[in-house]
Each structure stands twice: as C-alpha cells, then as structure tokens.
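*Asks:* what follows is a predicted structure for the sequence shown.
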Amino acid sequence: MNPKAQQVQEILNKYVPEPVIPLIHTNPFTLLIAVVLSAQCTDERVNQVTETLFSLATTPQQLLAISLEKLEDIIRPCGLFRTKARALHEISSTLIKQFNSRVPQTFTALESLQGVGHKTASVVLSHAFGIEAFPVDTHIFRVAHRWNLSTKKTVKGVEEDLKRLFPSQHWLKLHLQMILFARQYCRAKAHRIESCPICSTL
C-alpha cells in the first residue's frame, strides 16, 4: 500500500476503530429510502423523520400506500420534500413493477431508479449487500484533497484514486471512517491543521 495511504488508514483505525453507518435502517429498502432522504440533510434529521416513516412503511407496497400529501408532510423536515416524496413513490413503484419488490444489487439497476445517483447506489450496495464500493460524499471529497490522496476535480476521479490506494476489502470501513473523522476532526469550516490528527502529521 502507498505509505501515505497506510499512514492515513492507521490514524483512522486509531480514532474511528469501529465505524457504524449513522442512518437507521432495517433492510435494503429502508436503507435506500434513508440515503435518498439524506441528500442535503443531516443524518440526525433523517433518522428523526424515518422513525415516523418506517413505523408506517418498510416495504415498497407500504410506502406506495401512503398518499403523496401525507408522505410530503412526514418528510418535510428533510428539505426538498416534494421532490423527494415523488422520488420515493417512483422508486417504490419501479421496485414493484420491475424488480419483484426487491432492491436490485447492481449499479446499473439502482441508478435507473428515480433520485438514485452513483453515491447512493454505492452506499446501498456496500452496506446492504456487502458489494465492494467506495461511496464518495462531500466530506470524503474534501479530505481526500486535504490529505493529498487525490487531486482530481470530480467525485468519480476521487473515487477512482481512493480505490487504487486502498485494498478493496477496506473500502466499506474506510468510507465510514473518513466521513466520521472529517465531521469531528477535519471540518470544512474553521479548519485548523494543528488540531487535525491527520493534517498535522502529513
């Protein structure tokens, strides 16, 4: 492994030894719904909303049975609630009609769903099915540059660099470690190099 990547991984293992996905879910479908809702919204708020939502629906059929107006009202705190509500209905309908009500296990199929992009698909594949993927969100994109792991200007480019630097069996854990570490120690605003265990040692 690249010495710098190995150093970063060792520090992440020290500060975030057992990372857990912060989005509460009970099956692949609820994980997919939670990730869609998390766009431009904090995990904490998503979890508050899904506590209500998942008490009513944990399958595509149950979610589709909720009226669009009621669904909008439930997920309103997440922001973009009208767009997200329509997407959740579309996702549920497509899963029922095309995938036997099951969340598919390929990038192509997942990305064909309304409101599901590459990052969302990566999260679902890795966390729901254990398929090797390295989801790159804004936190990972930021720290990958700060830690000199990538100079690419696109999410896809950063993802490719990280996949080259780290063994695939570590991707799932690393993606969570990088997010949780970035939120606590390497924030976007008021960042101080000397207070970040990684930035201060590279």
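*Replies:* That came through fine.
*Asks:* OK, contacts around the residue nearest the centre of the chain?
*Replies:* For the chain, residue 123 is the residue whose C-alpha lies nearest the centre (Cα atoms, centre = their mean; 4.8 Å). By Cβ atoms under 8 Å, 6 or more residues apart in numbering, the contact set of residue 123 is 21, 31, 35, 133, 135. C-beta coordinates here come from the backbone N, C-alpha and C atoms, glycine included.
*Asks:* how about the secondary structure of residue 23?
*Replies:* coil (DSSP: H, G, I helix; E, B strand; the rest coil).
*Asks:* now it. Nearest residue, chain neighbours left out?
*Replies:* Of all residues not flanking residue 23 in the chain, residue 34 sits nearest, at 4.2 Å (Cβ to Cβ, 6 or more residues apart in numbering).
*Asks:* what ranges do the helices span in this structure?
*Replies:* All helices of the chain, identified by DSSP state H, fall at 3-15, 28-37, 43-56, 60-64, 68-75, 81-98, 107-111, 118-129, 138-146, 155-165, 171-185.
*Asks:* now render these as TSV, adding distance to residue 191 and mean pLDDT.
*Replies:* Formatted as TSV, those follow (distance: least, Cβ to Cβ, whole Å; pLDDT from 0 to 100):
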stretch	distance to residue 191	mean pLDDT
helix 3-15	16	95
helix 28-37	26	98
helix 43-56	21	97
helix 60-64	39	98
helix 68-75	32	98
helix 81-98	30	98
helix 107-111	33	97
helix 118-129	23	96
helix 138-146	8	95
helix 155-165	18	97
helix 171-185	9	95
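*Asks:* what's the closest of those helices to residue 193?
*Replies:* helix 138-146 (8.9 Å; Cβ to Cβ).
*Asks:* so what does the closest one touch, helix or strand wise?
*Replies:* Applying 3 or more Cβ pairs under 8 Å, 6 or more residues apart in numbering; DSSP states H and E, one finds that helix 138-146 contacts helix 155-165, helix 171-185.
*Asks:* ok, and the most crowded of the contacts of residue 123?
*Replies:* residue 35 (25 neighbours; other Cβ atoms under 10 Å).
*Asks:* can I assume it is in contact with residue 122?
*Replies:* No - checked against Cβ atoms under 8 Å, the pair residue 35 and residue 122 is beyond contact range at 9.5 Å.
*Asks:* list phi and psi for residue 59.
*Replies:* phi -130, psi 160 (degrees, to the nearest 10).
*Asks:* would you mind measuring from residue 107 to residue 176?
*Replies:* 20 Å (Cβ to Cβ, to the nearest Å).
*Asks:* what's the nearest residue to residue 183 if we skip its chain neighbours?
*Replies:* The nearest residue in space to residue 183 (Cβ to Cβ, 6+ apart) is residue 139, at 6.5 Å.
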